[in-house]
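> let's see this in three dimensions:
(2 chains)
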Amino acid sequence: MNKLPNIVRARLSAIEAGDHPDPDLLTAFAEQALAEQERFKVLAHLSRCSDCREVLAVAMPSLSTAALATASSIDTARRRSWLHWPAVRWGAAAACVVIVGSAVLMKRDVLMKPPARMVALQKDDAGVTYSSNDASIKTKDLSVVPAPQRGSPPPSVRDEERAVEAPSASTRRQSQLSTPVPDQKKALASNFTRPVPAAVLPGRMRPEFAHSATGNGAAVGGAAGVGSLASTPTTNESLDLPPSNGKIIAAPVAPPKPAAPATEEVQVTAAVPVIETDAAGARDKQELPGKAKAPSGVAMYDALVVAPSQDSSTQTALAKEAARKAEMKRVETLRPPVARWTISADGQLQHSVDSGKTWQPVAVAENATFRALSANGPDLWVGGASGLLYHSTDAGTHWMQVKPATADATLTADIAAIEFINVRQGKITTSTGEVWITIDGGQTWRRQT
Amino acid sequence: MGSIPRDSDSMDRAIQPAANAPPELATIAGELHAKCAAEQFGLSCDDLARILGEVTKKYLGAAGPAQLRVFCTSLKIEELVLARACAAGNERAWEVFMVRYREKLYDIGLHIAREDSAARELSDSLYADLYGTVMRNGERVSKLSSYTGRGSLEGWLRTVMAQEHVNRYRRQKRMVSLDEETEEGAQFATPDPEPAQAVDARLEFVTDEVLGALAADERFILAAYYLDGRTLAEIARILAVHESTISRKLDKVVKSLRKQVLAGLARKGMSRRQAEEALAIDVRDITLNLRDRLAQDSSPEAFHKKKVATPAGDGSG
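Prediction:
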């Protein structure tokens, strides 16, 4: 810091101070409660009066007290001036650009993955056999399988099945493929009479997939994990893909249009790690008209086109995606917003969900003022004058008045402190020195004097 | 705490009527009376209007209705009502005050005095003042009657206690015992040397001029940092800005002040070199490290050190 010339120091201390402001004004100045003009007057006096400066400095609360008590009283205008600082604003804009760019780059490998090959579904547990050589697809009902927790797929899941699934939070998966029952084969084949357009071409996924999914039931993976598997007319009656490309495509789609039941037969819902075969379920599903489901998550990444030769790369992409999401979730859990409770100067209960940055009043009872508070997670106790005591077990949503009493006494004194070591055991101290103890969450009370 | 004897008309005596109270005050007082807990402390709407009249007269003087409303609504009305009811001797108000502030008074005292017994003494002394041990015209005068609700009641208590603490410290500082003086060697102290040569009147004039032209917050920062020895963090807390803002502003003010003084001296007919010498070569700025100088002068040993006898068998002989 620069040295101040002694002549300046001497003349600075020799300035006449004038009349001293009263303690009210000094307090209001310290609490930033004065209007601009009045604040200027007090500040001008303080700049000349060492006595008042000393009193003000001594009277300032400690840092911890000030942080808790005056968190909400800091002048927002002054905070705003920091936000107006150009460097901060430009820095925030640059940070946004970097974050968005990083997100795009991280997703790029998944987005740009060529739909190289079809899923070669092998014989599953139910004994249904799917051929990967002739690119014919067999029916498999996946809708009845609940989605397990992400990151813990059962060992029975095959690689091919995992390649179809996506990590989004779809609740169920429906897939109606051909072949388990000859009757179904016929019915399905009759519905898939139009050829698959260029949607099944290898390479980047095309938006036409969405239209083909909802329009004629050809080769589509629906948004939000709901899609349709389709095939071109084949030589047999099963739902076969064109031999020329032999691919199953579950394409990313925006919210799909409602489809006509007559033209849409097959639906695939992504994000189901466990696939089980249920022939009866397949029959049930076939009876239902296909309907595109509303998107519920990151649909764009849910649908994949998988080729047998690129299983490992697709799985790597999925693993990367899952690891990234797990990492994001872990980071979020490391920084949870801390909920806090306090009682304002006017005796109102206040709640903060952002670690004390902002406070919202909580309505407990009309015209009730409180002076004591105890919080154990969602279990709250607030107390005030004349034995006023309220209890909430649901983080302040509902309140119940509690009147501690014993056989020969009732709590009527002003409550000065409430201490609960857990939701059951606690004590209340009154201004008259009484101590009321409960060990059953306020059901019964014992008084100590 | 014992009971507080009160007579029935003490409220009227404690709440002095405000002469020539504006009529708008009655409306505002009515609105505020419904919001605060004045009724439970025995304060009627008229009482509140009189209190508001007294406060507005003190701080606003003659003001328009809009200004009056803004001012009254900015007051800590509930705490003002509590303080005035306590001053008037309302027992219920005292009960509430005790619940809210009795322990806080000690905590504040401990924060200010930083020692338990001093904190007890300080808080008890203030409590006695709040209760009203001083009699004037046969009536007890409570310090709470001077609270006007501009800031919080807790903050006001803290400020009043800080004032009392500073006053006590100064009184004690003036009364130094002879034993302490002896221990400090005050009776052997050399008389003050000749005062330094008189400062150029032009330098004083220009410095006063530049200091007077500074903004109030700049002058406050200068005084708090260089005269009071406050840290940047303490000044930042008082002004409710960030510490780095104070640091930046302080640096800027000192540089600007030096430039302006030099420019002022130049206007007074000094050359640049003369002005810099006048500002920089103040004898009080010359800091001599006498200890180092004396150490250099007395480098030869004043006393011969005794030779330490070497233990036998250490290999030296």
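
> tally of neighbours for the closest residue to A:Ser352 other than its chain neighbours?
Leaving aside its sequence neighbours, A:Ser352 sits nearest to A:Arg340 (Cβ to Cβ, 6 or more residues apart in numbering or on different chains; 4.5 Å). From N, CA and C alone the C-beta is placed, and that goes for glycine too. Neighbours of A:Arg340 under the rule other Cβ atoms under 10 Å in any protein chain shown: 17.

> in the stretch 1-150 of chain B, what residue comes closest to chain A?
Across the stretch 1-150 of chain B, no residue is closer to chain A than B:Arg150, which sits at 3.9 Å (Cβ to the nearest Cβ).

> what about the closest residue to chain B within the stretch 251-400 of chain A, which SS state?
Of all residues in the stretch 251-400 of chain A, A:Asp346 sits closest to chain B, at 5.3 Å by Cβ to the nearest Cβ. Following DSSP: H, G, I helix; E, B strand; the rest coil, A:Asp346 is assigned to coil.

> that one contacts B:Glu78, correct?
Yes. Counting by Cβ atoms under 8 Å, B:Glu78 is a contact partner of A:Asp346 at 5.3 Å.

> looking at those two, which one has more neighbours?
More crowded of A:Asp346 and B:Glu78, by other Cβ under 10 Å: B:Glu78, with 19 against 15.

> may I have the residues that are in contact with the more buried one?
Applying Cβ atoms under 8 Å, 6 or more residues apart in numbering or on different chains to B:Glu78 gives the contacts A:Asp346, B:Cys36, B:Ala37.

> same question, A:Gly384
Contacts for A:Gly384 (Cβ under 8 Å, 6+ apart) come out as A:Gly347, A:Ala368, A:Thr369, A:Phe370, A:Arg371, A:Ala372, A:Asp414, A:Ile415.

> quick check: beta-bridge partners of it?
A:Phe370 (DSSP bridges).

> ok so, going back, can you lay out the contacts of B:Glu78 as JSON lines showing pLDDT and distance to A:Thr410?
Formatted as JSON lines, the contacts of B:Glu78 follow (pLDDT from 0 to 100; distance: Cβ to Cβ, whole Å):
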{"residue": "A:Asp346", "pLDDT": "82", "distance to A:Thr410": "27"}
{"residue": "B:Cys36", "pLDDT": "81", "distance to A:Thr410": "28"}
{"residue": "B:Ala37", "pLDDT": "77", "distance to A:Thr410": "23"}
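
> what's the closest of these to B:Asp217?
Using Cβ to Cβ, A:Asp346 comes nearest to B:Asp217 of the contacts of B:Glu78, at 31.1 Å.

> backbone dihedrals for that closest one, please?
phi -90, psi 20 (degrees, to the nearest 10).

> what's the answer for A:Asp394, then?
A:Asp394 has phi and psi values of phi -130, psi 50 when expressed as degrees, to the nearest 10.

> and the gap between the closest residue to it other than its chain neighbours and A:Trp341?
In space, and not counting its chain neighbours, A:Asp394 is closest to A:Pro378: 5.7 Å by Cβ to Cβ, 6+ apart. As judged by Cβ to Cβ, to the nearest Å, A:Pro378 and A:Trp341 stand 11 Å apart.

> ditto for B:Thr73
27 Å.

> more crowded one of these two?
Comparing B:Thr73 with A:Trp341 by neighbour count (other Cβ under 10 Å), the higher total belongs to A:Trp341, at 17 against 12.

> can you check the pLDDT for the residue lying closest to that one once chain neighbours are set aside?
Take A:Trp341 and drop its neighbours on the chain: the residue closest to it by Cβ to Cβ, 6+ apart is A:Ala375, 4.8 Å away. Listed pLDDT for A:Ala375 reads 88.

> tell me what A:Ala375 is bridged to.
Beta-bridge pairing of A:Ala375 under DSSP bridges involves A:Leu380.

> quick one: secondary structure of whichever residue of the stretch 51-200 of chain B sits closest to chain A?
The nearest approach of the stretch 51-200 of chain B to chain A comes at B:Gly151, 3.1 Å away (Cβ to the nearest Cβ). What three-state DSSP gives for B:Gly151 is coil.

> give me every residue that touches it.
Residues in contact with B:Gly151 (Cβ under 8 Å, 6+ apart) are A:Asp24, A:Leu26, A:Thr27, A:Ala28, A:Phe29, A:Ala30, A:Glu31, A:Ala33, B:Lys76, B:Thr159.

> now the chain, which segments are flagged as low pLDDT?
If you meant another chain, say so; for now it's chain A. When residues are selected by pLDDT under 70, those of chain A lie in A:1-2, A:62-86, A:109-313, A:331-338, A:449.

> ah, no, chain B please
Along chain B, the parts satisfying pLDDT under 70 run over B:1-21, B:174-178, B:180-199, B:281-317.

> how does it divide into domains?
Under automatic domain parsing, the residue ranges defining each domain of chain B are B:10-161, B:201-283.

> kindly report the same for chain A.
A:16-82, A:115-336, A:340-448.

> and the residue of the stretch 1-150 of chain B closest to chain A, how many neighbours?
28.

> for B:Leu265, same thing?
B:Leu265 is flanked by 24 other residues according to other Cβ under 10 Å.

> hmm, who's touching the strand or helix carrying it?
According to DSSP states H and E, B:Leu265 maps onto helix B:243-267. Residues outside helix B:243-267 that contact it (Cβ under 8 Å, 6+ apart) are A:1-5, A:8, B:202-203, B:206-207, B:209-211, B:213-214, B:217-218, B:221-222, B:225, B:232-233, B:235-236, B:239, B:272, B:274-276, B:278-279.

> quick check on those: which are buried?
A:4-5, A:8, B:202-203, B:206-207, B:210-211, B:214, B:217-218, B:221-222, B:225, B:232, B:235-236, B:239, B:275, B:278-279 (16 or more other Cβ atoms under 10 Å in any protein chain shown).
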